[in-house]
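Enquirer: got a sequence here, can you build the structure:
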Amino acid sequence: MRLHIYALTAIAAPLALGACANAGLSQQEQAAASQSAAEAPYLKAEVTALNKLAAIYIDAAALYKQAADIPDENNGLKEMLLSLHDYRNGEREVIQDRVIALGGQPATMGEALGTGHRTFTALRTAVDNDSEVAVEEVLRGEEYIRDELAKVAAKDLTPETSALIAKLQVSVKAEITKLKATDQAI
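Expert: Residues are numbered from 1 along each chain as shown. Presented below is the predicted three-dimensional model:
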């Protein structure tokens, strides 16, 4: 019996609070109040931009995992690329969480361009030094992320999203520096 009371309370409480929140509002005001945050024009643009980034991060993580299987030497490169794969996956989740916080539906698939990039990488390894190809392709991926983050940063964003983009930019810049040094060492 107690379980049923808890269940009814869990259902009724949000409904009662919603009714109180809209009390005294006209129908038009109630409709505006119940409108999803992501339906506001400026937030729609922000959700779209974040979803594009999420798709790019999905592709990047897939590329980095594929690139980790490429190195032809046991030089720690595989571990470095797998670590970057995990890190970018974590950042993708943060981007998707931000989309949800804005009232949007997060992207769960990559872009066609990312699939093409991975295919190109696979073909390239047939004729080049595998370790060098792996680093160069991941570096290209990071530079693409950097450029896309810069485009999003130039938009009119909420303060929370601006802070997120700035944090992501610092992360990508550090990885580009590390990858360039690794590429020079190969």
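Enquirer: domain ranges for this protein?
Expert: Domain assignment for the chain, taken from automatic domain parsing, gives 1-34, 37-185.
Enquirer: would you single out the least confident of those?
Expert: Mean pLDDT per stretch puts domain 1-34 lowest among the domains of the chain, at a mean of 43.
Enquirer: ok, the residue lying closest to V135 once chain neighbours are set aside to L139 distance?
Expert: Take V135 and drop its neighbours on the chain: the residue closest to it by CB to CB, 6 or more residues apart in numbering is D183, 4.7 Å away. Yep, even glycine has a C-beta here, placed from its N, CA and C like the rest. D183 is 6 Å from L139, where distance means CB to CB, to the nearest Å.
Enquirer: between these two, point out the one with more neighbours.
Expert: L139 (18 against 15; other CB atoms under 10 Å).
Enquirer: grab the nearest non-local neighbour of the more buried one.
Expert: L139 sits nearest to L179 (CB to CB, 6+ apart), 4.3 Å away.
Enquirer: spit out the contact partners of that neighbour.
Expert: Applying CB atoms under 8 Å, 6 or more residues apart in numbering to L179 gives the contacts 135, 138-139, 142.
Enquirer: how about the backbone phi and psi for L63?
Expert: The phi and psi values for L63, taken as degrees, to the nearest 10, are phi -60, psi -40.
Enquirer: to clarify, my last question referred to G104.
Expert: According to degrees, to the nearest 10, G104 has phi -100, psi 170.
Enquirer: who touches the closest residue to it other than its chain neighbours in this structure?
Expert: Distances taken as CB to CB, 6+ apart put V47 closest to G104, at 3.5 Å, once the chain neighbours are dropped. Applying CB under 8 Å, 6+ apart to V47 gives the contacts 38, 99, 102-104.
Enquirer: helix or strand for G103, which one?
Expert: For G103, there is no helix or strand it lies in under DSSP states H and E.
Enquirer: and it, how close does it get to Q96?
Expert: For G103, the distance to Q96 - CB to CB - is 13 Å.
Enquirer: for L84, same thing?
Expert: The gap separating L84 from Q96 is 19 Å, by CB to CB.
Enquirer: what residues sit buried inside the helix or strand harbouring L82?
Expert: Applying DSSP H and E as the criterion places L82 in helix 77-101. By 16 or more other CB atoms under 10 Å, the buried positions in helix 77-101 come out as 77-78, 80-81, 84-85, 88-89, 91-92, 95-96, 98-99.
Enquirer: packing partners for it?
Expert: Using 3 or more CB pairs under 8 Å, 6 or more residues apart in numbering; DSSP states H and E as the contact test, the elements touching helix 77-101 are helix 41-68, helix 130-153, helix 159-185.
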